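**Student:** take this sequence and fold it.
(one chain, ligands or ions: 1)
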Amino acid sequence: MEVLSLECVSSQFAICPGLFQPSAANDGLLSRLRVPGGLLTVTQCEAIADLADQLGGGYVEVTNRANVQIRGLQSTIDADHLARLQAVGLASPVAAIDALRNIMCSPTAGIDRQQLLDTRPFVAAWNRYLTTRPDFAVLSPKFSVCFDGGEAVSVRDRPNDISLVAVAITDAIYFRLHLSLGDRGASPCDTGVVIQPEESLQLLIAMTEVYRDYTMQKLGNSSQRKPRLRNLLHDWGLATYLQAVVQRLSFLPLRDGTKSLRQNEKIDGNSFSDAYNHLGIHSQRQSDRSYIGCILPLGRLETIQLRGLATLASQYGSSMLRLTPWQNVLLSDLPTAQIAVVQQKIEQLGLHSSATHPHGAIVACSGTTGCQSSATNTQADALALAAHLEQTIVLSYPVNIHFSGCEKSCAQHHASDIALLGVAQEGEASYHVYVGDDGSKFGRSLYQNYRPAHLPALIEQMLRVYQEQSQSHETFKSFVNRYKIAELKQMLIASDRHLIGARQQN
Ligand code: SF4
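**Tutor:** Next comes the predicted model:
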């Protein structure tokens, strides 16, 4: 293992933060820790909580790649803390590659009743290998790999450069190769390439080496930016890339035109999204064991809560927390007979676990407290909305509401049910309000320049109209997509009059 010194830490601040290279934010420095597969041991939780208490703001954030980030650092992390993080396996032994994106898998890998295979050993193997290859540091820090084991809590639609998706074909389990071929934030596409699971490490090495050579060639040609894998695919085309990869393999991947049932499932959010199915209590594939999915409001966890969850994991579970790419956390391997006790203790930590709790599906980027590009205080506005909805409405299904401080949309790349885009209008912060989906980045424009203080009442109104007028089991997105924007506005006005009338009668 490389012995750390402060010289390992870059004196320059990174745009994509890692542990060794923090980025500068409005509230101090921001360091991000890779947590492969989102799996955190109790010992790792303690090291993170100590670091956040001693050098950071006393809380951590779970990101949409199931990383942990620590905000509010007033200086770069000192050598003692870095050495401790390395000792518990939270910092790469090779500082140069620590900024590469987290390796993703389903947060229910190994415990999911529907899974085809347990992807955790594949995550561990790829992470172990990656940390031995300092030459991969030349890659874009956004280079990302995902393993989907066919779990009910699926991650195959998460934006990743490479996804290996488990499928069953004639009684055997394979990985199908999915690649990011579309726009930024789009789900990876099925390439039709199929491999045996035990061939996955060799395939990933070959794919990464070809991408590394392309990157070095581009940088040698004085390209300013490190290319993404999707740039290579656009330049060369999929067939040429795969040819170059196959030349480095000792086996021939299969080409499979058939698609399994799960492959044919549409991932468009029109059926009730599985994304929040991990919240609440669920049985595991192991008999007499259950897991609880806990909501972290905007991914935030106070260190006292982190320590509390770690204690529960030690006392009742398998001394492990599972972070999710939806910025929540699972407590797994709990004896089913004791699940009510654990749930009560989670509530005592101030955390909820119902999928329909307003906090469950509200997402916000760091906003003005953390980002200079933000027009609005997205975090404060999102918390105010969640508090308002908690008091005023009971949701039957999760409704995904996304606050973004600018067009970049860091917190969520896929379409939401309701998107709120921060804008500065003549020096005043406001939001453009979008609903549903029309193929554009944020959805269909409903209102422009809506004042933050008026948003909670508007969103409550929208949810009431949806609950009163939607068809059975219709998603919010499908409901709003059925109507023209003028019709939706008319429904909101009529509902508002009805509410005012009811209030006057009272
Ligand atoms: S979406 Fe914009 S405002 Fe929000 S964190 Fe990203 S760059 Fe900053």
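**Student:** surely T336 and D288 touch.
**Tutor:** Yes - the pair formed by T336 and D288 meets the contact definition of CB atoms under 8 Å, at 5.2 Å. (C-beta placed from N, C-alpha, C; glycine too.)
**Student:** same drill for those two, tell me which one is more crowded.
**Tutor:** When T336 and D288 are compared on other CB atoms under 10 Å, the one with more neighbours turns out to be T336, at 14 against 10.
**Student:** quick one, what contacts the more buried one?
**Tutor:** For T336, the contacting residues are S283, D288, R289, S290, by CB atoms under 8 Å, 6 or more residues apart in numbering.
**Student:** is it true that V423 lies in a strand?
**Tutor:** Yes - V423 sits within a strand when classified using DSSP: H, G, I helix; E, B strand; the rest coil.
**Student:** start the count at 320 instead of 1 going forward.
**Tutor:** Sure, I'll start numbering at 320, so the last one becomes V742.
**Student:** could you check which helix or strand contains A594?
**Tutor:** Element membership for A594, per DSSP states H and E: none, as it lies in no helix or strand.
**Student:** count the neighbours of the closest residue to it other than its chain neighbours for me.
**Tutor:** Distances taken as CB to CB, 6 or more residues apart in numbering place W645 nearest to A594, at 5.8 Å, with adjacent residues excluded. By the other CB under 10 Å criterion, the neighbourhood of W645 contains 26 residues.
**Student:** how about the residues of the chain that lie near the ligand?
**Tutor:** On the criterion CB under 6 Å from any ligand atom, the ligand has as its neighbours in the chain the residues C684, S685, C690, S692, S693, S723, G724, C725, K727, S728, C729.
**Student:** give the buried residues for the host helix or strand of Q662.
**Tutor:** Secondary-structure element containing Q662, defined by DSSP H and E: helix 658-667. When burial is assessed from 16 or more other CB atoms under 10 Å, helix 658-667 yields the following buried residues: I658, V661, Q662, K664, I665.
**Student:** okay if I get those residues as a markdown table plus pLDDT?
**Tutor:** Below are the buried residues of helix 658-667 laid out as a markdown table (pLDDT from 0 to 100):
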| residue | pLDDT |
| --- | --- |
| I658 | 96 |
| V661 | 96 |
| Q662 | 95 |
| K664 | 96 |
| I665 | 96 |
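**Student:** among the residues of the chain next to the ligand, which one sits closest to D454?
**Tutor:** Proximity of the residues of the chain next to the ligand to D454 was ranked by CB to CB; the top entry is C729 with 28.5 Å.
**Student:** returning to that earlier point: which residues does the helix holding Q662 contact?
**Tutor:** Contacts of helix 658-667 with the rest of the structure, by CB under 8 Å, 6+ apart, involve I600, S609, I611, C613, G627, L628, L631, Y635, L650, L653, S672.
**Student:** at 6 Å instead, please
**Tutor:** Contacts to helix 658-667, defined as CB atoms under 6 Å, 6 or more residues apart in numbering, come from residues I600, S609, C613, L631, Y635, L653.
**Student:** residues in contact with the closest residue to S425 other than its chain neighbours?
**Tutor:** Across the structure, with CB to CB, 6+ apart as the measure, the residue nearest S425 apart from its sequence neighbours is E470 (4.1 Å). Under the criterion of CB under 6 Å, 6+ apart, the contact list for E470 reads S425, T427, D431, Q433, Q434.
**Student:** if we go to 10 Å?
**Tutor:** 424-438, 485, 593, 597, 604 (CB atoms under 10 Å, 6 or more residues apart in numbering).
**Student:** could you check how far it is from the ligand?
**Tutor:** From E470 over to the ligand the distance is 29 Å, taken as CB to the nearest ligand atom, to the nearest Å.
**Student:** same check on I804?
**Tutor:** Counting by CB to the nearest ligand atom, the gap between I804 and the ligand amounts to 24 Å.
**Student:** how many residues are close by that residue?
**Tutor:** 15.
**Student:** ok, R608 next?
**Tutor:** Residues within reach of R608, counting by other CB under 10 Å, total 17.
**Student:** how many residues are close by the closest residue to it other than its chain neighbours?
**Tutor:** With CB to CB, 6+ apart as the criterion, R608 has its nearest non-adjacent residue at 5.3 Å, and that residue is D652. Neighbouring residues of D652 were enumerated by other CB under 10 Å; the total is 19.
**Student:** swap in R439?
**Tutor:** 18.
**Student:** so who does it touch?
**Tutor:** Taking CB under 10 Å, 6+ apart as the test, what R439 contacts is P355, G356, L358, C424, S425, A428, G429, I430, F466, G468.
**Student:** Q788 too?
**Tutor:** Q788 makes contact with F798, R801, Y802, M810, S814 under the criterion CB under 10 Å, 6+ apart.
**Student:** what about the residue nearest to R608, is that helix, strand or coil?
**Tutor:** In terms of secondary structure, D652 is strand; the call rests on three-state DSSP.
**Student:** I'd assumed R604 was in contact with it.
**Tutor:** No - checked against CB atoms under 10 Å, the pair D652 and R604 is beyond contact range at 11.1 Å.
**Student:** would you map the helices across the chain?
**Tutor:** Using DSSP state H, the helices found in the chain span residues 361-373, 398-406, 439-449, 519-539, 548-555, 557-565, 580-583, 622-635, 658-667, 686-689, 697-711, 774-788, 795-800, 804-824.
**Student:** from the contacts of R439, which single one is nearest A343?
**Tutor:** Of all the contacts of R439, the one with the least separation from A343 (CB to CB) is P355, at 26.2 Å.
**Student:** show me the contacts for that closest one.
**Tutor:** For P355, the contacting residues are 385-386, 408-409, 421-424, 439, 442-443, 445-447, 449-450, 464, taking CB under 10 Å, 6+ apart as the criterion.
**Student:** derive a ChimeraX selection command for the buried subset of these.
**Tutor:** In ChimeraX syntax, the buried subset of the contacts of P355 is picked out as below (16+ other CB under 10 Å):
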select :385,386,408,409,421,422,423,424,439,442,445,446,449,450,464
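**Student:** any low-confidence regions in the stretch 470-619 of the chain?
**Tutor:** Along the stretch 470-619 of the chain, the parts satisfying pLDDT under 70 run over 504, 541-542, 575-593.
**Student:** swap in 50 and give it another go.
**Tutor:** 579-592 (pLDDT under 50).
**Student:** would you mind writing the CA trace of stretch 661-678 as PDB?
**Tutor:** Below are the C-alpha coordinates for stretch 661-678, written out as PDB (Å, rounded to 0.1, in the frame of the first residue of the first chain):
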ATOM      1  CA  VAL A 661     -35.400  -1.800  14.800                       C
ATOM      2  CA  GLN A 662     -37.900   0.400  12.900                       C
ATOM      3  CA  GLN A 663     -38.800   2.100  16.100                       C
ATOM      4  CA  LYS A 664     -35.100   2.800  16.900                       C
ATOM      5  CA  ILE A 665     -34.600   4.200  13.400                       C
ATOM      6  CA  GLU A 666     -37.600   6.600  14.000                       C
ATOM      7  CA  GLN A 667     -35.900   7.600  17.300                       C
ATOM      8  CA  LEU A 668     -32.900   8.700  15.200                       C
ATOM      9  CA  GLY A 669     -35.200  11.100  13.300                       C
ATOM     10  CA  LEU A 670     -35.300   9.000  10.100                       C
ATOM     11  CA  HIS A 671     -38.400   7.700   8.200                       C
ATOM     12  CA  SER A 672     -38.800   4.600   6.100                       C
ATOM     13  CA  SER A 673     -42.100   4.900   4.300                       C
ATOM     14  CA  ALA A 674     -41.800   5.100   0.500                       C
ATOM     15  CA  THR A 675     -44.600   7.700   0.300                       C
ATOM     16  CA  HIS A 676     -43.100  10.000   2.900                       C
ATOM     17  CA  PRO A 677     -42.600  13.400   1.100                       C
ATOM     18  CA  HIS A 678     -38.800  13.300   1.700                       C
END
